[in-house]
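Asks: what follows is a predicted protein model with its sequence.
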Amino acid sequence: MENYHMLFPDGSSASPSSSSSLAMANHQSYLQGGDLIGTRKVGDEKEVSESSEVIRVGKKGTRKHKYAFQTRSQVDILDDGYRWRKYGQKTVKNSKFPRSYYRCTHKECNVKKQVQRSSKDDEIVVTTYEGIHTHPVEKFTENFEHILRQMQSYNPLCSQNN
(Lines give C-alpha, C1' and ligand atoms only; values in the text may rest on other atoms or scores of the structure.)
Protein backbone atom coordinates (compact mmCIF):
# COMPACT_ATOMS: atom_id res chain seq x y z
CA MET A 1 0.00 0.00 0.00
CA GLU A 2 2.98 2.33 0.37
CA ASN A 3 3.83 2.06 -3.36
CA TYR A 4 1.16 4.51 -4.63
CA HIS A 5 2.27 7.80 -6.11
CA MET A 6 1.11 11.01 -4.43
CA LEU A 7 -1.44 13.17 -6.22
CA PHE A 8 -0.93 16.39 -4.25
CA PRO A 9 2.73 16.63 -3.26
CA ASP A 10 3.21 20.19 -4.54
CA GLY A 11 -0.26 21.71 -4.37
CA SER A 12 -1.38 20.63 -7.84
CA SER A 13 -5.10 20.62 -8.56
CA ALA A 14 -7.24 17.50 -8.48
CA SER A 15 -9.56 16.02 -11.05
CA PRO A 16 -13.34 16.19 -10.34
CA SER A 17 -13.58 12.50 -9.42
CA SER A 18 -10.62 12.62 -7.06
CA SER A 19 -11.78 15.86 -5.47
CA SER A 20 -15.19 14.32 -4.71
CA SER A 21 -13.44 11.35 -3.12
CA LEU A 22 -11.26 13.81 -1.25
CA ALA A 23 -14.32 15.69 -0.01
CA MET A 24 -15.89 12.42 1.14
CA ALA A 25 -12.75 11.48 3.04
CA ASN A 26 -12.52 14.90 4.68
CA HIS A 27 -16.19 14.78 5.69
CA GLN A 28 -16.03 11.24 7.03
CA SER A 29 -12.79 11.84 8.92
CA TYR A 30 -14.35 14.91 10.50
CA LEU A 31 -17.41 12.89 11.56
CA GLN A 32 -15.16 10.28 13.17
CA GLY A 33 -13.03 12.85 14.94
CA GLY A 34 -9.94 11.80 13.00
CA ASP A 35 -7.37 14.04 11.36
CA LEU A 36 -6.40 13.50 7.76
CA ILE A 37 -2.66 13.32 7.34
CA GLY A 38 -1.27 15.91 4.95
CA THR A 39 1.63 16.13 2.57
CA ARG A 40 2.30 19.73 3.53
CA LYS A 41 0.96 22.28 6.00
CA VAL A 42 -0.52 25.63 5.04
CA GLY A 43 -1.10 27.58 8.24
CA ASP A 44 -3.09 25.31 10.54
CA GLU A 45 -4.82 23.46 7.69
CA LYS A 46 -3.63 20.08 6.49
CA GLU A 47 -3.75 18.98 2.88
CA VAL A 48 -4.80 15.37 2.46
CA SER A 49 -2.42 12.82 1.06
CA GLU A 50 -4.42 10.93 -1.53
CA SER A 51 -2.96 8.24 -3.69
CA SER A 52 -4.62 7.04 -6.85
CA GLU A 53 -4.00 4.22 -9.24
CA VAL A 54 -5.92 3.00 -12.27
CA ILE A 55 -5.80 -0.76 -12.71
CA ARG A 56 -6.53 -2.64 -15.93
CA VAL A 57 -8.52 -5.80 -15.33
CA GLY A 58 -8.94 -8.60 -17.87
CA LYS A 59 -8.44 -8.54 -21.63
CA LYS A 60 -11.07 -5.87 -22.32
CA GLY A 61 -9.16 -3.25 -20.36
CA THR A 62 -11.87 -2.47 -17.82
CA ARG A 63 -10.48 0.09 -15.40
CA LYS A 64 -10.91 0.17 -11.65
CA HIS A 65 -9.96 3.25 -9.68
CA LYS A 66 -8.00 2.90 -6.46
CA TYR A 67 -7.78 5.66 -3.84
CA ALA A 68 -5.77 5.53 -0.61
CA PHE A 69 -6.36 7.83 2.35
CA GLN A 70 -4.31 8.19 5.49
CA THR A 71 -6.30 9.17 8.58
CA ARG A 72 -5.09 9.72 12.12
CA SER A 73 -7.48 7.71 14.29
CA GLN A 74 -7.57 5.49 17.37
CA VAL A 75 -10.07 3.06 15.75
CA ASP A 76 -9.38 0.89 12.70
CA ILE A 77 -12.92 0.86 11.32
CA LEU A 78 -13.92 4.36 10.20
CA ASP A 79 -17.55 4.98 9.31
CA ASP A 80 -17.70 6.36 5.78
CA GLY A 81 -21.48 6.11 5.36
CA TYR A 82 -21.51 2.82 3.46
CA ARG A 83 -22.09 -0.71 4.74
CA TRP A 84 -19.19 -3.12 4.48
CA ARG A 85 -18.81 -6.89 4.85
CA LYS A 86 -15.43 -8.17 5.97
CA TYR A 87 -14.27 -11.00 3.74
CA GLY A 88 -10.68 -11.46 4.77
CA GLN A 89 -7.65 -10.50 6.80
CA LYS A 90 -3.98 -11.26 6.39
CA THR A 91 -0.71 -10.50 8.07
CA VAL A 92 1.51 -8.03 6.28
CA LYS A 93 5.24 -8.49 5.87
CA ASN A 94 7.32 -6.10 8.03
CA SER A 95 4.24 -4.85 9.90
CA LYS A 96 2.76 -5.82 13.24
CA PHE A 97 -0.74 -4.83 12.05
CA PRO A 98 -2.94 -7.04 9.82
CA ARG A 99 -4.70 -5.81 6.68
CA SER A 100 -8.49 -6.26 6.55
CA TYR A 101 -10.51 -6.63 3.35
CA TYR A 102 -14.10 -5.40 2.94
CA ARG A 103 -16.77 -5.38 0.20
CA CYS A 104 -19.70 -2.99 -0.09
CA THR A 105 -22.91 -4.83 0.86
CA HIS A 106 -25.16 -2.94 -1.59
CA LYS A 107 -26.56 -5.11 -4.37
CA GLU A 108 -24.55 -4.83 -7.62
CA CYS A 109 -21.89 -2.57 -6.08
CA ASN A 110 -18.40 -4.01 -6.51
CA VAL A 111 -16.41 -1.56 -4.40
CA LYS A 112 -13.76 -3.05 -2.12
CA LYS A 113 -11.70 -1.47 0.61
CA GLN A 114 -8.58 -2.44 2.52
CA VAL A 115 -7.85 -1.12 5.99
CA GLN A 116 -4.44 -1.28 7.63
CA ARG A 117 -2.52 0.64 10.28
CA SER A 118 0.68 2.22 9.07
CA SER A 119 3.85 0.37 10.01
CA LYS A 120 5.64 3.71 10.50
CA ASP A 121 3.07 5.40 12.79
CA ASP A 122 0.61 3.44 14.96
CA GLU A 123 -1.95 6.29 14.92
CA ILE A 124 -2.35 6.36 11.13
CA VAL A 125 -4.96 4.18 9.41
CA VAL A 126 -4.50 3.66 5.66
CA THR A 127 -7.80 2.99 3.88
CA THR A 128 -7.67 2.01 0.21
CA TYR A 129 -10.85 2.05 -1.88
CA GLU A 130 -11.03 0.12 -5.16
CA GLY A 131 -13.86 1.13 -7.49
CA ILE A 132 -16.65 3.70 -7.40
CA HIS A 133 -19.95 3.21 -5.56
CA THR A 134 -22.99 2.84 -7.84
CA HIS A 135 -25.47 3.98 -5.19
CA PRO A 136 -25.96 6.85 -2.72
CA VAL A 137 -24.74 6.79 0.88
CA GLU A 138 -27.17 4.75 2.99
CA LYS A 139 -26.34 5.31 6.63
CA PHE A 140 -27.16 9.01 7.02
CA THR A 141 -30.91 8.45 6.60
CA GLU A 142 -30.82 5.36 8.80
CA ASN A 143 -29.17 7.29 11.63
CA PHE A 144 -31.77 10.04 11.34
CA GLU A 145 -34.61 7.50 11.39
CA HIS A 146 -33.08 5.84 14.46
CA ILE A 147 -32.99 9.20 16.28
CA LEU A 148 -36.63 9.86 15.34
CA ARG A 149 -37.68 6.44 16.66
CA GLN A 150 -35.93 7.13 19.95
CA MET A 151 -37.69 10.49 20.23
CA GLN A 152 -41.08 8.89 19.58
CA SER A 153 -40.55 6.13 22.15
CA TYR A 154 -39.58 8.65 24.86
CA ASN A 155 -42.38 11.10 25.53
CA PRO A 156 -41.62 13.22 28.64
CA LEU A 157 -45.24 14.43 28.97
CA CYS A 158 -46.58 10.89 29.36
CA SER A 159 -44.00 9.99 31.99
CA GLN A 160 -44.83 13.10 34.08
CA ASN A 161 -48.58 12.38 34.16
CA ASN A 162 -48.16 8.89 35.67
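Replies: Nice, thanks for sending it over.
Asks: buried ones in stretch 96-108?
Replies: Residues of stretch 96-108 classed as buried by neighbour count (16 or more other CB atoms under 10 Å): 97, 99, 100, 101, 102, 103, 104, 106. For the C-beta atoms, the positions are set from N, CA and C on the backbone; glycine is no exception.
Asks: can you get me the start-to-end distance on it?
Replies: For stretch 96-108, the first-to-last residue distance is 34 Å (CA to CA, to the nearest Å).
Asks: list the buried residues in stretch 122-130.
Replies: Buried residues in stretch 122-130 (16+ other CB under 10 Å): 124, 125, 126, 127, 128, 129, 130.
Asks: can you list those residues in CSV and add pLDDT and distance to residue 91?
Replies: Formatted as CSV, the buried residues of stretch 122-130 follow (pLDDT from 0 to 100; distance: CB to CB, whole Å):
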residue, pLDDT, distance to residue 91
124, 93, 18
125, 93, 17
126, 93, 16
127, 94, 18
128, 94, 17
129, 93, 22
130, 95, 20
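Asks: which of the residues you listed lies closest to residue 79?
Replies: Using CB to CB, residue 127 comes nearest to residue 79 of these, at 11.4 Å.
Asks: how near is the closest one to residue 75?
Replies: Note on residue 127: its distance to residue 75, by CB to CB, to the nearest Å, is 12 Å.
Asks: show me the shaky parts of the chain.
Replies: Along the chain, the parts satisfying pLDDT under 70 run over 1-64, 139-162.
Asks: for it, longest strand please?
Replies: strand 62-72 (DSSP state E).
Asks: next SSE downstream of that one?
Replies: Per DSSP states H and E, the first helix or strand lying C-terminal to strand 62-72 is strand 84-90.
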